[in-house]
Every structure is written in structure tokens, then in C-alpha cells.
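Engineer: structure for the following, please:
(one chain, ligands or ions: 2)
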Amino acid sequence: MAIHTPIPNIIIPVASLNSLPPSRRHLRRITTFSITSMASAASEHGYDRLSIVKQFDESKIGVKGLVDSGVTTIPSFFHQPPENLPGPKPKNRPKLTVPVIDLSAERSAVVEEIRRSASTLGFFQIVNHSIPTTLIDSVLNGLKSFFEQPTEYKMEFYHREIGKGAAYSTNFDLYQSKAASWRDTLQVRMAPTEPSWDAVPEMCRGTLKDWDTAVVGLAEELMSILCEGLGVKNDRLKELSFLEARVDAAHYYPRCPQPDLTVGLTSHTDPGVLTVLVQNEVGGLLQVKSGDDWADVEAVPGAIVINIGDLLQMMSNDEYKSVEHRVLANPMEGARVSLAVFFNPSNRDGVYGPFPEVISAEKPAVYKEFSYADYIGRFFRKELDGKTLTNFYKIDNKTG
Ligand SMILES: O=C(O)CCC(=O)C(=O)O
Ligand SMILES: [Fe+2]
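Structural biologist: Ligands and ions are numbered 1, 2, ... in the order given. Purely as a prediction, here's the structure:
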């Protein structure tokens, strides 16, 4: 368990508050409110982490609001325990990167390369796919423009209720995690039920819809390739409704003044079947675990990052790997923007387990069957801490 410094350390230089341009004056009110209340919570009750986190959350300014206010040190509740921090880079080790696969190459070669990446690193990037770079740029620019709107505009969207299918906040596990991460997120459920579009910022609506259409086509192709690599019928994943439930998570990682003390996103695996991700030009911060080292997902213009989720690892009976990944706190001036689309089954009561076709006497089932509702319930009840839930469904697991 992490031990946190007992005093919240939001320090806003007075000079920077006094010199705010008219367009940013609202920050003086917002940050003054949060600093005063954070300080009084600390002095009245000693260090009460929960109340400080709550006050930050209720101020609705997000991490971007802290950055805009000119913080030079990060509040203590962002201090990650040492085991979550990247630490010094190992010396004399070759730099590892995630493979980039040309999707326009001959089908059998593509199937083999994707099978190999999915069975090892669990991550790969694809180029020469069907989605134009202009569409990638426009969806990321629309999101960036939302995250860079004045705080007062964004406050209208800041909440944690998923009822309307869209929510913007700092860290979905803010109240469950040991420490917060330096990132804001806009989450939008695209399918099976569309969001209430009035709950989605206007500047993102059109491009998110266009992105959704394009990404479904791409995911259908990838699922077919992954099925072929596994030796099951090409439309096996599609038949199981895995193209039909989609959630978008758009992340904004502004510059962090103390990047060695926190992270952008803690190490975790993705729960669904497949994740399709795009990132802007601020690359090298997304990393994938590879043995006791980490491989960088470099920013390749026009490339799309694909990773295997826990469900597919279990359905493939461990042939494909759902691998831990994390995002480092952004030390650079420019913000990093990414958009992940998670593919889940639309049938929440559906029962999943290893495909019978991949089980044999030599390769008996590693996992028992489970309902997706049970699985996703467990995922959201725990913090995003990198311990994969797949272990829970292992057949030899005595607690399962
Ligand atoms: O921002 C990124 O590149 C990673 C996002 C991610 O891993 C997630 O949303 O699950
Ligand atoms: Fe992820």
C-alpha cells in the first residue's frame, strides 16, 4: 500500500493567477476555490485523501484545468506508489518497439504476422489499412479541440454517470485507485445503443460517428484475420456479436510538471475482445510489457494500434495474449491525445469460454465458461491495477 505525503501540494504561483489573460480569468475562481477547500480539508481532518479527491472531482476542472492554472508541482493524490512508476531505463538493452504490419501485403503473410504478434506481444500497429489518415487526424483534432475548450464549457460534460452514454472526467477509477493518473478522459458508448448526442461535445459528434463506421469495417477484417490465424471459421467472432458493442475512450494527456512522480495511465489489460487505438504525434508514451521490459508504441503517421483483450485471450485458450500496457506521464509541451475503441459482445448474458475448436487432448481448456456480465462486473469493481482478471476464470483456480 502506498504511503502518501500528508499535505496536498497544489501550489499555484500567485503571479500566474494575477497575470491570467481575460479568457482564462475563470480559472482564478475555480482554482482559488479548490486550493482553499483542499487546504481546509487537510487541516481540519489531517490528511483526508478521499475528501481532497472528492473536492478536486467536484471542482470539475480536470487535470487540464490544473495545468492551465500553472501548477508546478502535482497534488499528492497523483503520486503513484514506486511499483507503478517507470523508474530508470535499463542500460545496454536494445530498444523494443511494437511491430508495424502492412495490411495490404498478401493475405497469408498478413495472417501469419498478425498471428505471431497476437501470440507474443499481444500488440501490433497496422499501416496501409482502409482508413484514410485524414479521418484519423480529424477525429483526434475534434477531441483535442474539446479537451482544450475553456474549463467552464467542459464542466457541463464533467460527470461520472453513464446513463446518457457519454461521460467526461479525470480517471474512471479515481475513487478506487491508490493514486490518480495525469489524464482526462471522454468516454462515449457508440453501440449497441447510441449515446444521447446532446451529452457528447458538439465538436466531436460528427467525427466520432464517421470513426465508428470506419472502425467497424476495419475490426471486421481484423477479427476475420485473427480467426483464420487461430484456425476457427473466419466469421466466428462476428457471429458472437463482438462487432456490436463498442465503447470509445478518448484520452487527453497534458504536459505533467513532475512526470517522474506519476503516470498517464496505470498498467492494465483491456477487458474486451479487441481494442483499436489511434494516437497523435506525441508518441513513445504508450508502452507494452515484454518480459521484464517495456516495448514502445511509437507514433507512426497513419498507423492504427491493435491489441488483444482478455476475452480473446480466454476464447483462444491462451493462444493470443492480452498484455499489460501503460502510458507514461507526458513530459512534453504538446498534449498527447489518443482514442481507443473497445469491442465487446452485445449479448451481456452470453456465456464465453475457450472455443471448442481450439481445445484438444494436448491443449485442454485453460478457462471455464463464464457470462460476460459477471466478467465485466468484476472488472469495474476493481481499480485499474494491471492484475488481469483472466486468472479468476482459470480452471485450476481454487477460488474461482
Ligand atoms: O492512451 C493510450 O494510448 C492507451 C489507452 C488504453 O490503454 C485504454 O484506454 O485502455
Ligand atoms: Fe488499454
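Engineer: what residues does the stretch 101-250 of the chain put near ligand 1?
Structural biologist: The stretch 101-250 of the chain comes close to ligand 1 at residues Ala249, as judged by CB under 6 Å from any ligand atom. Yep, even glycine has a C-beta here, placed from its N, CA and C like the rest.
Engineer: help me confirm that Trp294 is found in a strand?
Structural biologist: Yes: counting by DSSP: H, G, I helix; E, B strand; the rest coil, Trp294 is located in a strand.
Engineer: out of everything not next to it in sequence, what's closest to the residue in the chain positioned nearest to ligand 1?
Structural biologist: Residue of the chain nearest ligand 1, by CB to the nearest ligand atom: Ser338 (3.5 Å). Computed as CB to CB, 6 or more residues apart in numbering, the closest residue to Ser338 that is not its neighbour in sequence is Gln279, at 4.2 Å.
Engineer: ok, back up a step: please name the bridge partners of the residue of the chain closest to ligand 1.
Structural biologist: Here Ser338 sits in beta bridges with His251, Gln279, as judged by DSSP bridges.
Engineer: what pLDDT does it get?
Structural biologist: Predicted confidence (pLDDT) for Ser338: 98.
Engineer: just Asp396 next, same as before
Structural biologist: 78.
Engineer: and it, how far is that from His79?
Structural biologist: 38 Å (CB to CB, to the nearest Å).
Engineer: also Asp296?
Structural biologist: Asp296 sits at a distance of 24 Å from His79 (criterion: CB to CB).
Engineer: kindly report the same for Pro331.
Structural biologist: 16 Å.
Engineer: more neighbours: the two, which one.
Structural biologist: His79 (21 against 12; other CB atoms under 10 Å).
Engineer: in this structure the more buried one contacts Asp260, no?
Structural biologist: No: His79 is not in contact with Asp260 according to CB atoms under 8 Å; the separation is 10.3 Å.
Engineer: dump the residue contacts of Arg183.
Structural biologist: 63, 170-171, 251-253, 264-265, 327 (CB atoms under 8 Å, 6 or more residues apart in numbering).
Engineer: closest to Val351 out of the residues you listed?
Structural biologist: Leu265 (30.7 Å; CB to CB).
Engineer: mean confidence for the helix or strand where the closest one lies?
Structural biologist: Using DSSP states H and E, Leu265 maps to strand 263-268. For strand 263-268, the mean per-residue pLDDT is 96.
Engineer: contacts for it, please.
Structural biologist: By CB under 8 Å, 6+ apart, strand 263-268 touches 80, 84-86, 177, 181-183, 251, 253, 256, 285, 289, 324-330, 336, 384-386.
Engineer: again, but for stretch 204-213
Structural biologist: Residues from elsewhere that reach stretch 204-213 (CB under 8 Å, 6+ apart): 135, 138-139, 141-143, 146, 186, 188, 190-191, 197, 200, 246, 248, 250, 339, 341.
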